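Participant: here's a sequence, model it:
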Amino acid sequence: ESRRSGRGLYAARPVAGGDVLLVVPHALLLTATPRSHSAGALAKTDRLILALLEEAAGGSASRWAPYLRTLPPRRAFEESLPLMWAQRHVLSLCGPVLAERAAAQRADLRRRHAALCRVAGAASPSWSDFSWAAACVMSRSGDASDEPGDEAPALFPVGDLMNHHATYPNVLGRYEKSASAFTFTALRDVPAGEELTVMYGGLDDATLLLHYGMVW
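Facilitator: Numbers count the residues shown, from 1 in each chain. Here you go, the predicted model:
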């Protein structure tokens, strides 16, 4: 458990700067390739959401079952993401500007849920399931594209447990086209017991709260 951000990864032994700590090959990524033949009408991010929902519906039979058990339950997102709060709570806790952004985020997700339901038909996910999967993808996915300007959202097991550090991360995580894998490399020496952290980007606190349920 991370003292600052909930669950996280820690160095079990001293790590030298430049050490490769984790490699997640493309074959082990959960990508935007759902089994639904009509999913091509959806944006790639929503295809990844659908793929995640399909695997979750498979339960223990899914090859991703061990990974799925590491994902936060819906109640964790209900506690942390303004997207899932009642609007009066967003207003009281965050103020009108952030509340407006949260409302727009929720409206966009409702629109995308409706579009997915038109594609999925009888197999349409509930709003509860869809918003859970969307929160997982929003807060944990990375880009596994091979070409500049392309978009290939993917979920990368284990690596997605690394939390954000805005000022002094000790790990660099990125998709390596040459290796077709997400690699995580130590940026500096890390003593045993220190949390392994990455930088999610130059994001302000409002964006961190809306997308990751945290502030720095």
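
Participant: now residue 52, nearest residue through space, not along the chain?
Facilitator: Nearest non-adjacent residue to residue 52, counting by C-beta to C-beta, 6 or more residues apart in numbering: residue 133, 4.6 Å away. The C-beta positions use only the backbone N, C-alpha and C, and glycine is treated the same way.

Participant: which of the three states applies to the one you found?
Facilitator: Following DSSP: H, G, I helix; E, B strand; the rest coil, residue 133 is assigned to helix.

Participant: which parts of the protein are strands?
Facilitator: 9-10, 20-25, 30-31, 141-143, 153-155, 163-164, 171-176, 181-186, 195-198 (DSSP state E).

Participant: residues in contact with the residue most central in space within the chain?
Facilitator: The centroid of the chain falls nearest to residue 140 when counting by C-alpha atoms, centre = their mean (1.4 Å). Contact analysis of residue 140 by C-beta atoms under 8 Å, 6 or more residues apart in numbering lists 71, 155, 160.

Participant: could you redo the last one with a cut-off of 10 Å?
Facilitator: Residues near residue 140 by C-beta atoms under 10 Å, 6 or more residues apart in numbering: 30, 52, 70-72, 154-157, 159-161, 212.

Participant: what of residue 69?
Facilitator: Applying C-beta under 10 Å, 6+ apart, the residues near residue 69 are residue 60.

Participant: likewise for the one 5 residues further on?
Facilitator: Residues in contact with residue 74 (C-beta under 10 Å, 6+ apart) are 84, 128, 129, 131, 132, 133, 135, 136.

Participant: low-confidence regions, the protein specifically.
Facilitator: Counting by pLDDT under 70, the chain shows low-confidence ranges at 1-6, 36-39, 149.

Participant: now with 90?
Facilitator: 1-7, 32-43, 83, 85-100, 102-103, 115-124, 145-151, 178, 201-206, 213-216 (pLDDT under 90).

Participant: mind listing the helices for it?
Facilitator: For the chain, applying DSSP state H gives helices covering 44-57, 65-68, 74-80, 87-94, 96-120, 127-140, 205-212.

Participant: need the ones you listed in a markdown table with distance to residue 177, can you?
Facilitator: Shown next, in a markdown table, are the helices of the chain (distance: least, C-beta to C-beta, whole Å):
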| stretch | distance to residue 177 |
| --- | --- |
| helix 44-57 | 17 |
| helix 65-68 | 23 |
| helix 74-80 | 32 |
| helix 87-94 | 39 |
| helix 96-120 | 29 |
| helix 127-140 | 21 |
| helix 205-212 | 25 |
